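Pasting a predicted model and its sequence here:
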Amino acid sequence: MIETERLQKTGQETATQRCIDPGCGARFELNERLYVCPSCGGLLDVALEAYADLDPQELQAVWTSRLASFDPRDRSGVWRYRELLPFAAGAPIVTLAEGNTPLYDAPVSAAYCGLDALTLKHQGCNPTGSFKDTGMTTAVTQALILGARTVVCASTGNTAASLAAYAARAKLQCAILVPRGQISHAKLAQSLDYGAAVLELDGNFDDAMRVIRELAEDESIYLVNSINPFRIEGQKTVAAELLHQRAWRVPDHVVMPGGNLGNSSALGKGFKELKDLGLIDRLPRLSVVQAEGAAPFASLFGSESDVLTPIEHPQTLATAIKIGAPVSWKKALRAVLESGGSVLSVSEQEIADAKAIIGRDGVGCEPASATTVAGIKRLVASGVIGSDDDVVAVLTGHILKDTDYAINYHQEKLYTHDRALDKIKEERRLAGTYSNPPARVKATKTAILDGLRRHEQEHSGDFKKEHVSDLD
Ligand SMILES: [Zn+2]
């Protein structure tokens, strides 16, 4: 029998919202409409106390049996693992068959990093092209449970695109709020198609946040910002899906990009809960990679301090992680430390080159995702990751999220925004180390065959030789 209401009920009945601040630890009812702890302003977690009662073998068998089911809940890579989620069996699930993302073997990227093997968990293969969908399916379901009519976020990035799609599925109104002039066009296109109200505000981002807090007082409006604990609940199921795909073999390392750090927090929570449940006997070491110009978390990790210092003007072409004050840093730090992982940053050049290398494995990603391969290369070089370690990189966004970046890299027209350093334009140009520009040829058979020969000469093993020899 595929439905396991008994299993699910145990978790749902005991779930609460809990303040993560150890000095506070206040608890609140699951369906109380909260965004932060009303006692201390801290972040909230969803806690399911009954986990220990669930039988690991029984769960694995049920989840595997669902792979052959056509029930929409079973087709979702999030709701397939619904015993881990704080929702009752009859919840009004809003799904686009999210999750179910591939785990790719990536030999070119592995050789580039100095590894025997590397696998890529491509969360960019979600319905709207980013990992956000795995959290939006649960957050928008919670919006319906709370009786909201409108869902709101302040973003024009992947979050907006994802929220707009799930709101459309749920027949909820969706408002995307942004300061005027800060609309990123590639991702905005999705929000418009999904029918969201995109509202440009007079004012800066602080004004947008203030207005949002005021709006949140309205009962009919539900905020789906990055601290929403129900988003984390959906996103944590990636840990279960990843391990399920690997027949529950735990990798040595899981490496992911770090921006607002909600995703790192979610994966950390996911692995920990699976360990508490007895589905795995150890945690993978969870490492987070940031872009050099937007690396407050990496700075914190490398320092004596236990408080994150925000960066006022974060700079990186990897726009999905261009964040100076990551809201979920405490949760992410807890996850990294518990697992024995690390936090590091990589340069714009390293990100650009790593992205082109991932492409040579036939896998496209947005720039932020490529911090993983760049970071793994560094961790292998410094001996933190061994060349025969079992490593998974989490890619978070699809290549079509930012095609300008790819085209500019391959035509050697990719410039950083390093204005602070007073560099002239040419000094800000990133090298097209593995560039693959288009070539203009005459419309004759000879010219085309010549063009192919030239392309082959220019690119045959242009990085493979160099890096494979590193391994000897
Ligand atoms: Zn609190």
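On my side now, so go ahead. Numbering: from 1, shown residues only.

Report the contact partners of Val198.
Val198 is in contact with Thr156, Ala160, Ile176, Val178, Ile183, Leu188, Ser191, Leu192, counting by Cβ atoms under 8 Å, 6 or more residues apart in numbering. Placement of C-beta: from N, CA and C, glycine included.

For the closest residue to the fourth one other than its chain neighbours, give me the pLDDT.
So the one you mean is Val178. Leaving aside its chain neighbours, Val178 sits nearest to Thr156 (5.1 Å; criterion: Cβ to Cβ, 6 or more residues apart in numbering). Looking at Thr156, its pLDDT stands at 76.

gap between Thr156 and the ion?
Here Thr156 is placed at a distance of 31 Å from the ion (Cβ to the ion, to the nearest Å).

ok, how many other residues are close to that residue?
One way to gauge burial is a neighbour count; for Thr156, by other Cβ atoms under 10 Å, it gives 23.

dump the residue contacts of it.
So Thr156 contacts Ile176, Val178, Gln182, Ile183, Ser184, Lys187, Leu188, Ser191, Val198 (Cβ under 8 Å, 6+ apart).

What's the separation between it and Leu400?
As judged by Cβ to Cβ, to the nearest Å, Thr156 and Leu400 stand 16 Å apart.

so where does Cys24 fall, helix or strand?
In the assignment (DSSP states H and E), Cys24 maps to no helix and no strand.

Repeat that for the one 4 residues further on.
When elements are assigned from DSSP H and E, Phe28 belongs to strand 27-29.

is that strand anywhere near the ion?
No: Strand 27-29 lies out of reach of the ion by Cβ under 5 Å from the ion, never closer than 9.5 Å.

can you tell me how far the closest residue to the ion within the stretch 301-450 of the chain sits from Gly262?
Per Cβ to the ion, Lys330 is where the stretch 301-450 of the chain lies closest to the ion, at 11.6 Å. According to Cβ to Cβ, Lys330 stands 12 Å off from Gly262.

Close to the ion: what parts of the chain are there?
Counting by Cβ under 5 Å from the ion, the chain sits next to the ion at Cys19, Asp21, Cys24, Ala26, Cys37, Ser39, Cys40, Gly42.

ok, now with 8 Å
Counting by Cβ under 8 Å from the ion, the residues of the chain close to the ion are 19-21, 23-26, 37-42.

State the number of residues packed around Ser28.
Just to correct that, residue 28 is Phe rather than Ser. Phe28 has 16 neighbouring residues, counting by other Cβ under 10 Å.

Please disregard the earlier target; I meant Pro437.
Neighbour tally, Pro437, other Cβ under 10 Å: 12.

ditto for the one 5 residues further on
By other Cβ under 10 Å, 10 other residues sit near Lys442.

Can you tell me the closest non-neighbouring residue to Gly432?
Glu412 (4.0 Å).

so who does Gly23 touch?
The contact partners of Gly23, by Cβ under 8 Å, 6+ apart, come to Cys40.

Return the residues in contact with the closest residue in space to Cys40 that isn't next to it in sequence.
What sits nearest to Cys40 in space, not counting adjacent residues and going by Cβ to Cβ, 6+ apart, is Cys24, at 4.4 Å. Shown in contact with Cys24 (Cβ under 8 Å, 6+ apart): Cys37, Ser39, Cys40, Gly42.

pLDDT added to those residues, as TSV?
Shown next, in TSV, are those (pLDDT from 0 to 100):
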residue	pLDDT
Cys37	94
Ser39	94
Cys40	95
Gly42	91
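
coming back round to it: can you say which two of the contacts of Val198 are spatially most distant?
Pairwise distances across these peak at 12.8 Å for Val178 and Leu192 (criterion: Cβ to Cβ).

picking up where we left off before, looking at Lys330 and Gly262 now, which is surrounded by more residues?
Neighbour totals were compared for Lys330 and Gly262, and Gly262 leads with 27 against 18 (other Cβ under 10 Å).

just the helices in the stretch 151-300 of the chain please.
Assigned by DSSP state H, counting those that start in this stretch, the stretch 151-300 of the chain shows helices spanning 158-170, 185-193, 205-215, 229-235, 237-245, 262-276, 296-301.

comparing those, which gets the lowest mean pLDDT score?
The stretch with the lowest mean pLDDT among these is helix 205-215, at a mean of 82.

helices or strands up against that one?
Packing partners of helix 205-215 (3 or more Cβ pairs under 8 Å, 6 or more residues apart in numbering; DSSP states H and E): strand 173-179, strand 197-201, strand 221-223.

10 Å - rerun?
strand 150-153, strand 173-179, strand 197-201, strand 221-223 (3 or more Cβ pairs under 10 Å, 6 or more residues apart in numbering; DSSP states H and E).

can you state the direction angle for the second one and helix 158-170?
Angular relation of strand 173-179 and helix 158-170 on a 0 to 180 degree scale: 160 degrees, by axes from the mean of the first three to the mean of the last three Cα atoms, to 10 degrees.

Sheet-wise, list the partners of strand 173-179 with their directions.
strand 150-153 (parallel), strand 197-201 (parallel) (DSSP bridges).

can you count the residues close to the residue lying closest to Leu283 once chain neighbours are set aside?
Spatial nearest neighbour of Leu283, chain neighbours left out: Ser339 (4.4 Å); criterion: Cβ to Cβ, 6+ apart. Neighbour count of Ser339, defined by other Cβ under 10 Å: 21.

again with Ser305
Neighbour tally, Ser305, other Cβ under 10 Å: 10.

For it, what is the enclosing helix or strand?
Short version: Ser305 belongs to no helix or strand, going by DSSP H and E.

Tell me which of the strands paired with strand 173-179 sits nearest to Ser303.
Closest to Ser303 of the strands paired with strand 173-179, according to Cβ to Cβ: strand 150-153, at 31.5 Å.

Just the C-alphas of that closest one, formatted as PDB.
What follows is strand 150-153, C-alpha atoms only, in PDB (Å, rounded to 0.1, in the frame of the first residue of the first chain):
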ATOM      1  CA  THR A 150      -2.300  36.900  -2.000                       C
ATOM      2  CA  VAL A 151       1.400  35.700  -1.800                       C
ATOM      3  CA  VAL A 152       4.200  38.300  -1.800                       C
ATOM      4  CA  CYS A 153       7.900  38.400  -2.200                       C
END
